[in-house]
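# coordinates for the following, if possible.
(2 chains)
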Protein chains: 2
Amino acid sequence: MVTIKDVALAAKVSVATVSRVLNKTGYVHEDTKTRVLKAMEQLNYHPNEVARSLYKRESRLIGLLLPDITNPFFPQLARGVEDEIHQNGFRLIFGNSDENLDKELDYLQTFKQNHVVGVISATNDPGSANYKHLSMPIVFLDRTGEHAPSVFADGREGGRIAALEIIQRNSKRITLMKGPGHLQTARDRFNGALEILSGADVDFHVMSTETFSFREAQKRAEELFSLYPETDGVIASNDIVATAVLHEALKRKINVPDDLQIIGFDDIPQSELLFPSLSTIRQPAYEMGKEAAKLLLALMKNENIEQSAVQMPVTFIERQTTRKVDDNE
Amino acid sequence: MVTIKDVALAAKVSVATVSRVLNKTGYVHEDTKTRVLKAMEQLNYHPNEVARSLYKRESRLIGLLLPDITNPFFPQLARGVEDEIHQNGFRLIFGNSDENLDKELDYLQTFKQNHVVGVISATNDPGSANYKHLSMPIVFLDRTGEHAPSVFADGREGGRIAALEIIQRNSKRITLMKGPGHLQTARDRFNGALEILSGADVDFHVMSTETFSFREAQKRAEELFSLYPETDGVIASNDIVATAVLHEALKRKINVPDDLQIIGFDDIPQSELLFPSLSTIRQPAYEMGKEAAKLLLALMKNENIEQSAVQMPVTFIERQTTRKVDDNE
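Alright, predicted model coming up:
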């Protein structure tokens, strides 16, 4: 491996001079500088990032904390973050927290020890003191809190849209599925849908799901059709839950969408691959990741942040589990 | 932030002594050691990992290179790697290569600059000089090559099993879909299936897909049923392609599995969520990630590696796109 000493030797200058050129500190004569840069190029010298980070107390690393990369919503977020920071010469240290606060704290500690220049976190506890006292730029992703800027989708509006679309398509006895209560994102979408349903001329009931897991959702879907066989529309807490409801409906030979409409939330990639494909409320996951990275990069440069809570728009993706609006005439 | 100086001051010893305790080098009197450790605990001192890595020329970071985390096969691999290394006190620097060699090289460079202690790579080019001359432990994952130990599934056997299972369930005019030719994993499963089909008493034809993307697969699935309407069994190159074939069959009101059987490859999480759910050849992705991590950790400790190419078993997962064996009697 080529070292700073090799460069100094080749350029016939001292190590300190090479260091001044590298770190753009102190005075170096223009000719000397050219000679050093040329030597670096010829020797294919890559500055030792760790040494520089120690000197400058910073690295080119950004910490990313997600609940679980095997949940299909999160790879899109991660990819958005990585693509944006990669263009800017930064790399990711990545960890899954499993919604476990100890694991989260452990990762934050590791990030610090590796001198990350910033952290992007999809924590379930944005109010935590861990973040309040973190001495580096941080952005919450898919979450929002007072201790740091954040990028998240407008879940409440998403809930409203889901309810409006299913009502407009003539569901009259609607089941609204409520996601895990400890997740702000789940509460928002639930409250948005509830707001519209309670003001509309429809019957509805609420059913809770404690997790977003497919297995639990399968059980709840069975119960749904046993308890409320008259349901003609389901607003699911996310796409995984919607998929379980769709499964159960098809098993029971219920005609979707003619006799039962289903709307999901998230628009994970496989929702398009279902048959019938799932109508859902899309969160722009990849774009959210990119935005969070942009916000963090701006914070790192001490730029003025115009908007510290970036709410991304959600949209209704009309597929085959909802009827066409015209069909209802 | 608490520094090594603060610890030295509190323990009334020199910085060099604290350093000796930290790095377990040189002689330190037992009482002194106890005093130093106590001071560290009281001050809540966490050794500066970057400084130590510079000193010892190593970090607690492992580099992981995958083609694309948004491809649903890879999050499972990544999770397996992370869970295993996390238990051992290591963390991940993570990057997507997009099967682009420049990007791959760029990441390897970054890994080096951050003094990773090892690399796990799902490269498409295991023969590359990049790996031959990499001066650190490396394990290929989901790939195999001569320059490094590797963990991969037995694709050829998987192809064989897929063909045997579909023949045993009485498909007589089979379409075998061949995945991207530049991927060793795709070639293996294709060759395994071809071996069985060519020795069996069935008609079959081969259809190539250049990528594993759903969009391209959709087009090929349309062509499949136009060109070979008599097909009564499809061995797909992976689960995404199988999903596209299933979609097209359902659109054409073909009865699955009575008139058409479909077998995928991978067993990505959503294959279970399809309706009918997809029969497929399972690669144990999470376990593969764990194995690769274990192998890398062993290499880092200079342990004797008994097996430098770990081939993981594949299994047939019987779901609803294949008939029961009894149904054929």
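# and A:T175, helix, strand or coil?
strand (DSSP: H, G, I helix; E, B strand; the rest coil).
# what is the neighbour count of it?
25 (other CB atoms under 10 Å in any protein chain shown). Any C-beta I mention is one placed from the backbone N, CA and C, and that applies to glycine too.
# just A:D154 next, same as before
Neighbour number of A:D154 under other CB under 10 Å is 18.
# quick one: the closest residue in space to it that isn't next to it in sequence from A:P284, how far?
Distances taken as CB to CB, 6 or more residues apart in numbering or on different chains place A:Q311 nearest to A:D154, at 4.9 Å, with adjacent residues excluded. Using CB to CB, to the nearest Å, we find A:Q311 at a distance of 11 Å from A:P284.
# and the residue nearest to A:D154, what is it in contact with?
Going by CB atoms under 8 Å, 6 or more residues apart in numbering or on different chains, A:Q311 touches A:F152, A:A153, A:D154.
# of those, closest to chain B?
A:A153 (17.8 Å; CB to the nearest CB).
# what's in contact with the helix or strand hosting A:E248?
Here A:E248, judged by DSSP states H and E, is contained in helix A:239-251. Defining contact as CB under 8 Å, 6+ apart, one finds that helix A:239-251 is touched by A:72, A:177, A:179, A:209, A:212-214, A:217-218, A:220-222, A:224-225, A:234, A:236, A:256, A:260, A:262-268, A:270-271, A:274, A:276, A:278, A:280, A:321, B:273, B:275.
# of the residues you listed, which belong to helices?
Mapping the contacts of helix A:239-251 onto helices (DSSP state H) picks out A:F214, A:A217, A:Q218, A:R220, A:A221, A:E222, A:L224, A:F225.
# in CSV, list those residues along with pLDDT.
CSV is the format used below for the ones in helices among the contacts of helix A:239-251 (pLDDT from 0 to 100):
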residue, pLDDT
A:F214, 84
A:A217, 91
A:Q218, 92
A:R220, 94
A:A221, 95
A:E222, 95
A:L224, 95
A:F225, 95
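# which of those residues ranks first by neighbour count?
A:A221 (28 neighbours).
# for it, list the residues it contacts.
A:V241, A:A244, A:V245, A:H247, A:E248, A:A249.
# please repeat the previous calculation with a cut-off of 10 Å.
With contacts defined as CB atoms under 10 Å, 6 or more residues apart in numbering or on different chains, the neighbours of A:A221 are A:175, A:177, A:207, A:209, A:214, A:234, A:236, A:241-249, A:251-252.
# point out where chain A drops to low pLDDT.
The model of chain A has pLDDT under 70 over residues A:1, A:24, A:47-58, A:327-329.
# care to break it down by domain?
Following automatic domain parsing, one finds the domains of chain A at A:4-46, A:61-153+A:286-313, A:155-283+A:316-328.
# dump the ones you listed into TSV; add distance to B:V116 as well.
As requested, those are exported to TSV (distance: least, CB to CB, whole Å):
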stretch	distance to B:V116
domain A:4-46	14
domain A:61-153+A:286-313	11
domain A:155-283+A:316-328	30
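# of those domains, which is nearest B:E303?
Across those, B:E303 has its closest neighbour in domain A:61-153+A:286-313 (24.8 Å, CB to CB).
# now the spatially most central residue of chain A, what's its secondary structure?
The residue lying closest to the centre of chain A (CA atoms, centre = their mean) is A:L77, at 4.1 Å. Put simply, A:L77 is helix when judged by three-state DSSP.
# right, and it touches A:F140 too?
No. The criterion here is CB atoms under 10 Å, and A:L77 misses it with A:F140 at 11.9 Å.
# next, show the common contact partners of these two.
Counting by CB under 10 Å, 6+ apart, the residues touching both A:L77 and A:F140 are A:I120, A:A122, A:V151, A:A292.
# in a helix, the first one, correct?
So the one you mean is A:I120. No. Counting by three-state DSSP, one finds A:I120 to be strand, located in no helix.
# now the closest residue to chain B within the stretch 101-250 of chain A: how far from A:N191?
In the stretch 101-250 of chain A, the residue that lies nearest chain B is A:Q113 (3.8 Å; CB to the nearest CB). Per CB to CB, A:Q113 is found 40 Å from A:N191.
# ok, now A:Y131?
24 Å.
# repeat that for A:P313.
The value you get for A:P313 to A:N191, if CB to CB is used, is 18 Å.
# how about A:S121?
Distance from A:S121 to A:N191, by CB to CB: 24 Å.
# so between those two, which is more surrounded?
A:S121 (31 against 14).
# skip the chain neighbours and tell me the closest residue to the more buried one.
Using CB to CB, 6+ apart, the nearest residue to A:S121 is A:L65, at 4.3 Å.
# ok now do that neighbour, which residues does it touch?
Counting by CB under 10 Å, 6+ apart, A:L65 has contacts A:93-97, A:103-104, A:107-108, A:111, A:119-123, A:138, A:140-141.
# buried among these? Make that a PyMOL selection.
A single PyMOL command selects the buried members of these (16 or more other CB atoms under 10 Å in any protein chain shown):
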select buried, chain A and resi 93+94+95+96+97+104+107+108+111+119+120+121+122+123+138+140+141
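# inside strands: which ones of the contacts of A:L65?
Among the contacts of A:L65, the ones falling in strands (DSSP state E) are A:I93, A:F94, A:G95, A:N96, A:V119, A:I120, A:S121, A:I138, A:F140, A:L141.
# measure A:L43 to B:V206 for me?
51 Å.
# actually, A:A285.
37 Å.
# re earlier: ok, which pair from the shared contacts of A:L77 and A:F140 is furthest apart?
Pairwise distances across the shared contacts of A:L77 and A:F140 (CB to CB) peak at 10.0 Å, for the pair A:A122 and A:V151.
# so what sits against both of those two?
A:L77, A:F140, A:L141, A:D142, A:R143, A:M288, A:G289, A:A292.
# which residues in the stretch 201-329 of chain A form strands?
With DSSP state E, counting those that start in this stretch as the criterion, the stretch 201-329 of chain A has strands at A:203-208, A:233-235, A:261-266, A:279-282, A:309-312, A:315-317.
# now these as a markdown table including distance to A:T32?
Supplementary listing: the strands of the stretch 201-329 of chain A in a markdown table, determined by distance: least, CB to CB, whole Å:
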| stretch | distance to A:T32 |
| --- | --- |
| strand A:203-208 | 70 |
| strand A:233-235 | 69 |
| strand A:261-266 | 57 |
| strand A:279-282 | 56 |
| strand A:309-312 | 46 |
| strand A:315-317 | 57 |
